[in-house]
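*Asks:* Using only what follows, build the 3D model:
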Amino acid sequence: MEKFFNPKSVVIVGASNSSFNLGSTICNMLKDYLHYTGPVYTVNSKAETVNGCPGFSSVLDLPQTPDMAIIIVAARHVPGIIKDCAKKGIKRIVIESAGFAEDGQNGAAMQREIDEVARENGMRIMGPNCLGTLSTRDKFCSFYGVNPSLVEMNQIFETPGNISYIIQSGGVVVLVMESLYYDLVGINKVVSIGNKSDVDEADLIDYFQKDETEVIGIYLENVADGRKLMEAAQKSRKPILIYKVGRTPEGAMAAMSHTAGMASNDLIFESACKQAGIIRLNSINELHSLPKMFTEMPILKGNRVAMFTNSGAFGSIAADLLVDAGLQMVRLSGQTQDKLKKAGQVFNVKNPVDIGPAPPQTYLDIFEILLGADEVDGLLPLLSVWQTFVIDTLQELLKMCKHYDKPAAIYTPNAVAKSIAIRAKHRIPIFETPEQSVRALSVSHMFCESLRKRGFIGDHEKFENTDNRRIMKGTMEAAL
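*Replies:* Modelled structure (predicted):
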């Protein structure tokens, strides 16, 4: 898999100087924006050089065997090009062309022909009908048609992160990347798998166990090999967040026309996800809103949550959401309540803890009291930023969460634009709605429970944080 994300040389079949040529945009991305240092060759009918990338009329004419071929030509030409790649000894192929199994019987027949050539020659294929791969640390991207000035590509590559995405749709790739630009979590790798005739999500889950990835986000339109997926998920020590379409017959048919696979029975898929420890997402937005709960906070090891608010109404709102999510509004002990009374300016020392106008030290004391309480597993702060010092206290809260090994899902009841601006400027993992913050606590607890069930951790074991990664103790006893 590594050569798909970090090839030392590339050929782009179909890149030319014609107007609106998509292959040329890949040359542009690699050479002008990423300053890719390896050889980039092009293959086109005129053997013309494209954006400084030497051109040839055939893959067979290349002066060396590149690590990877990116093919973006009309579908009918692809089988012949694959055969030439096999003769040349190219083992990694990204087929970005559409018009295969998603396009009817003729396309399906071409896809089978390609697969047969690949198997006979030990080749691995990404796609067809995909965008390929992106790696921020290796500064490589095979996506076509991307205008870096429109999707802030420079920023994405300048601040590598620890979430990797496996996505069938190119459009969802762009949505996720643009959304994360306004959040805290940086991208490690992104792969668009399209029809996934060869390399699939299970292969990539296995691969992401071995790199800097902390969280795996997946968008699926169909599952071709359910057992393979579930076996890979069972072995994963990293959270896997999946949004899958096709819950309805109409959604399943739409998926069929897009990436050539009927969505699996949704009830079976839901049950299998629970057994394998996969977190099933409720909306496409959760692909980019939830990862920061895993990268920025400890895991929620129990379901007892304390709330802290400087606006009583949001305590009531969140209480309903918390219970609906299957979490528990913890009953604070008498000892904890006595400590809260001494903090001053506290209207209510029961859960949710409610304060009026108060100085910074009151906030800090309450954070310390709640996180230090044995009966509290996690914190839900619902704090309006009515003074700038509230931001300072939230930054201190992050340190306390790591010290006590307990998470906080922070929501600031302000206009969303203000919350996003605070999050970006001060690097605080703020959620944009109370629903998001409660959901974040819920999925964190789900992940912890799945690790216990799969034997990765004991009932009372803690998570170690090594080199800014969550590495869980224990070994898995069995897989599907």
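
*Asks:* hey, what's the residue nearest the centre of the chain bridged with?
*Replies:* Residue closest to the mean C-alpha point of the chain, counted by C-alpha atoms, centre = their mean, is Gly217 at 3.1 Å. Per DSSP bridges, residues listed as beta-bridge partners of Gly217: Tyr165, Leu241.

*Asks:* ok, now which ones touch Tyr165?
*Replies:* With contacts defined as C-beta atoms under 8 Å, 6 or more residues apart in numbering, Tyr165 is in contact with 173, 176, 187, 189-191, 216-219, 287. Every residue, glycine included, has its C-beta placed from N, CA and C.

*Asks:* Which ones among those lie within strands?
*Replies:* When DSSP state E defines the strands, the subset of the contacts of Tyr165 inside them is 187, 189-191, 216-219.

*Asks:* List only buried entries from those.
*Replies:* By neighbour count, with 16 or more other C-beta atoms under 10 Å, the ones in strands among the contacts of Tyr165 hold 187, 189-191, 216-219 as buried.

*Asks:* Quick one: mean pLDDT over stretch 187-207.
*Replies:* For stretch 187-207, mean pLDDT is 96.

*Asks:* what about the residue of the chain most remote from its centre, distance to Lys87?
*Replies:* Note on the chain: the largest separation between a C-alpha and the mean C-alpha position, by C-alpha atoms, centre = their mean, falls on Lys342 (43.1 Å). According to C-beta to C-beta, to the nearest Å, Lys342 and Lys87 sit 80 Å apart.

*Asks:* Next: Ile410.
*Replies:* Separation of Ile410 from Lys87 (C-beta to C-beta) stands at 57 Å.

*Asks:* Tabulate the contacts of Tyr165 (CSV), appending distance to Leu370.
*Replies:* Formatted as CSV, the contacts of Tyr165 follow (distance: C-beta to C-beta, whole Å):
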residue, distance to Leu370
Val173, 40
Val176, 34
Ile187, 33
Lys189, 37
Val190, 38
Val191, 41
Ile216, 31
Gly217, 31
Ile218, 34
Tyr219, 36
Leu287, 30
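
*Asks:* what's the closest of the residues you listed to Asn154?
*Replies:* Proximity of the contacts of Tyr165 to Asn154, judged by C-beta to C-beta, is greatest for Ile187, which lies at 12.9 Å.

*Asks:* where are the low-confidence patches of the protein?
*Replies:* Low-confidence segments of the chain (pLDDT under 70): 149-151, 247-264, 459-480.

*Asks:* quick one, longest helix in it?
*Replies:* Ranked by number of residues, the top helix in the chain under DSSP state H is helix 434-453.

*Asks:* and that helix, how far out from the chain's middle?
*Replies:* Mean C-alpha position of helix 434-453 versus that of the full chain (C-alpha atoms, centre = their mean, to the nearest Å) differs by 16 Å.

*Asks:* What are the buried residues along it?
*Replies:* So helix 434-453, judged by 16+ other C-beta under 10 Å, has buried residues 434-452.

*Asks:* now stretch 113-125
*Replies:* 114, 117-118, 123-125.

*Asks:* which residues touch that stretch?
*Replies:* Stretch 113-125 has contacts (C-beta under 8 Å, 6+ apart) with 1, 4, 78-79, 82-83, 85-86, 90-95, 100, 128, 197-199.

*Asks:* Now list the buried members of those residues.
*Replies:* Among the contacts of stretch 113-125, those classed as buried by neighbour count (16+ other C-beta under 10 Å) are 1, 4, 78-79, 82, 85-86, 90-95, 100, 128, 197-199.

*Asks:* So which residues of the stretch 151-300 of the chain form helices?
*Replies:* In the stretch 151-300 of the chain, helices defined by DSSP state H, counting those that start in this stretch lie at 153-158, 170-180, 201-208, 226-235, 249-259, 266-276, 286-289, 291-295, listed in chain order.

*Asks:* Just name the most buried of these.
*Replies:* Compared across these, helix 291-295 shows the largest average neighbour count, a mean of 25 (mean count of other C-beta atoms under 10 Å).

*Asks:* what helices or strands is that helix leaning on?
*Replies:* strand 215-220, helix 434-453 (3 or more C-beta pairs under 8 Å, 6 or more residues apart in numbering; DSSP states H and E).

*Asks:* Let me have these in TSV, extended by distance to Asn414.
*Replies:* Below are the helices and strands packed on helix 291-295 laid out as TSV (distance: least, C-beta to C-beta, whole Å):
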stretch	distance to Asn414
strand 215-220	27
helix 434-453	12
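
*Asks:* The ones you listed: which one's closest to Arg227?
*Replies:* Taking C-beta to C-beta as the measure, the helices and strands packed on helix 291-295 were each checked against Arg227, and strand 215-220 came out nearest at 15.1 Å.

*Asks:* Roughly how far does Glu231 sit from Arg454?
*Replies:* Shown here: Glu231 relative to Arg454, a distance of 12 Å by C-beta to C-beta.

*Asks:* what's the answer for Val191, then?
*Replies:* In this view, Val191 and Arg454 are 25 Å apart by C-beta to C-beta.

*Asks:* can you check Leu370 too?
*Replies:* Shown here: Leu370 relative to Arg454, a distance of 30 Å by C-beta to C-beta.

*Asks:* Compare these two (neighbour count), which wins?
*Replies:* Leu370 (29 against 23; other C-beta atoms under 10 Å).

*Asks:* Who are the contact partners of the more buried one?
*Replies:* If you count contacts by C-beta under 8 Å, 6+ apart, Leu370 has them with 306, 308, 336, 353, 376, 379.

*Asks:* In a helix, it, correct?
*Replies:* Yes. Residue state for Leu370 (DSSP: H, G, I helix; E, B strand; the rest coil) corresponds to a helix.

*Asks:* List phi and psi for the spatially closest residue to it that is not a sequence neighbour.
*Replies:* Residue nearest to Leu370 in three dimensions, not counting chain neighbours: Ala306, with 4.7 Å by C-beta to C-beta, 6 or more residues apart in numbering. Geometry field for Ala306 lists phi and psi as phi -100, psi 140, criterion degrees, to the nearest 10.

*Asks:* try the one 10 residues further on
*Replies:* Per-residue torsions, Ser316: phi -70, psi -40 (degrees, to the nearest 10).

*Asks:* how close does it get to Thr336?
*Replies:* When C-beta to C-beta is the yardstick, Ser316 and Thr336 sit 21 Å from each other.

*Asks:* Could you do Lys228 as well?
*Replies:* In this structure, Lys228 lies at 48 Å from Thr336, with C-beta to C-beta as the measure.

*Asks:* Restricting to C-alpha, output the helix or strand hosting Leu134 in PDB.
*Replies:* Secondary-structure assignment from DSSP states H and E places Leu134 in strand 132-135. Extracted in PDB, the C-alpha atoms of strand 132-135 (Å, rounded to 0.1, in the frame of the first residue of the first chain):
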ATOM      1  CA  GLY A 132      -6.700   8.000  -6.000                       C
ATOM      2  CA  THR A 133      -4.500   9.000  -3.000                       C
ATOM      3  CA  LEU A 134      -3.300  11.900  -1.000                       C
ATOM      4  CA  SER A 135      -0.500  11.900   1.700                       C
END
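
*Asks:* Downstream of that strand, the next helix or strand is which one?
*Replies:* Next along the chain after strand 132-135, taking DSSP H and E as the criterion, comes strand 140-141.
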